[in-house]
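A.B. asks: Kindly generate the corresponding structure for this input.
(one chain, ligands or ions: 1)
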Amino acid sequence: MTSSNHAIAALTAAIRTVPDFPKPGVQFKDITPVLADAKLFASCIELLAADFQPGAVDTVVGIDARGFIFAAATALKLGCGFVPVRKKGKLPWKTLEESYDLEYGSNTIAIHTDAVKPGARVLLIDDVLATGGTAAAAAALLKKAGANILEVNFVIELGFLNGRSKLRGLPVRSLVVF
Ligand code: AMP
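C.D. replies: Residues are numbered from 1 along each chain as shown. Below you'll find the predicted structure:
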C-alpha cells in the first residue's frame, strides 16, 4: 500500500455515516472526526493540495459551509488566498449570484464581484459531492467571474448520485468515494 492509499483508508474509516440526518433517508457523511484528528486533517489537506506546487494556484475557493474548512487550510498549504462562496444574503459587498434547483425549491449562492480576478487559477473545494448541483452552481459563478478553474476537489463523493455528470468538462477529484 502506498502512503496515500494508507491516508485514504484512514480517512474512509474516520468518516462517520449518520442515518436519517437531517431528514429520513439521508445518509449524512460526518467529517468532524477527521477534523478532530491532527494527523488525519493534515493528510486530508495534503491530498487536496496534491496536484499543485505552491505558486500554481492563485485562489482556493470553498463552498458554504464545511467546504470553508478544507479550502482555507488548502489555501494556506499552497500559499495562496481563500475565497468563500456563500449562501445568498451572507456576503456584505457586491455579489454575483447563481441559482440551482433542489428536490423541492431552489437555492442561490453568491461570491463577491472582486474576489476572483479574471484569469485567476482557481481550485474549487467542497466537503461532499452529492447530486452536484451546488458545485455546478459554484463553477458557473466562477466562470461568470472569469476564473480559470484548474480542478474541483471533494473530500467525499457519493458516486451513486452521479454528481460528476453536472461538472462535465472540469477535472473532478475526490478523496473518498462511497
Ligand atoms: P449537492 O448539491 O447535492 O452535491 O450537495 C452538496 C452539498 O450538500 C455539500 O455542500 C454537502 O456539504 C452537502 N451534502 C449533501 N449530501 C450530503 C451527505 N450525504 N452528507 C453530508 N453532506 C451532504
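
A.B. asks: Near the ligand, which residues of this protein? Just list them.
C.D. replies: 26-29, 63, 66, 126-135, 158, 163 (Cβ under 6 Å from any ligand atom). In this view, the C-beta of every residue, glycine as well, is placed from N, C-alpha and C.

A.B. asks: got the contact list for the residue sitting nearest the centre point of the chain?
C.D. replies: With distances taken as Cα atoms, centre = their mean, D126 lies nearest the centre of the chain, 1.5 Å away. Applying Cβ atoms under 8 Å, 6 or more residues apart in numbering, we find D126 in contact with 62-63, 66-67, 70-71, 134-135, 138, 154.

A.B. asks: Please narrow the residues you listed to those residing in strands.
C.D. replies: Using DSSP state E, the members of the contacts of D126 that fall in strands are 62-63, 154.

A.B. asks: As CSV, the residues you listed with neighbour count, distance to V177 and pLDDT would be great.
C.D. replies: As requested, the ones in strands among the contacts of D126 are exported to CSV (neighbours: other Cβ atoms under 10 Å; distance: Cβ to Cβ, whole Å; pLDDT from 0 to 100):
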residue, neighbour count, distance to V177, pLDDT
G62, 26, 21, 99
I63, 26, 19, 98
F154, 27, 9, 98
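
A.B. asks: returning to what we had before: inside strands: which ones of the residues of the chain next to the ligand?
C.D. replies: 27-29, 63, 126-129.

A.B. asks: Can you tell me which of these are buried?
C.D. replies: 29, 63, 126-129 (16 or more other Cβ atoms under 10 Å).

A.B. asks: and those residues as TSV, adding distance to K77?
C.D. replies: Shown next, in TSV, are these (distance: Cβ to Cβ, whole Å):
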residue	distance to K77
K29	23
I63	18
D126	17
D127	17
V128	20
L129	21
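
A.B. asks: next SSE after the helix or strand bottoming out on mean pLDDT in the chain?
C.D. replies: Sorted by mean pLDDT, DSSP states H and E, the helices and strands of the chain end with helix 3-14, the least confident at a mean of 95. Next helix or strand after helix 3-14 toward the C-terminus (DSSP states H and E): strand 16-19.

A.B. asks: which parts of that next one are buried?
C.D. replies: Of the residues in strand 16-19, none is buried (16+ other Cβ under 10 Å).

A.B. asks: Give the pairing partners of that strand; include direction for each.
C.D. replies: Sheet pairing of strand 16-19 (DSSP bridges) gives strand 27-30 (antiparallel).

A.B. asks: what's the following helix or strand after the partner strand?
C.D. replies: helix 32-35.

A.B. asks: quick check: mean pLDDT across that next one?
C.D. replies: Taken as a whole, helix 32-35 has an average pLDDT of 98.
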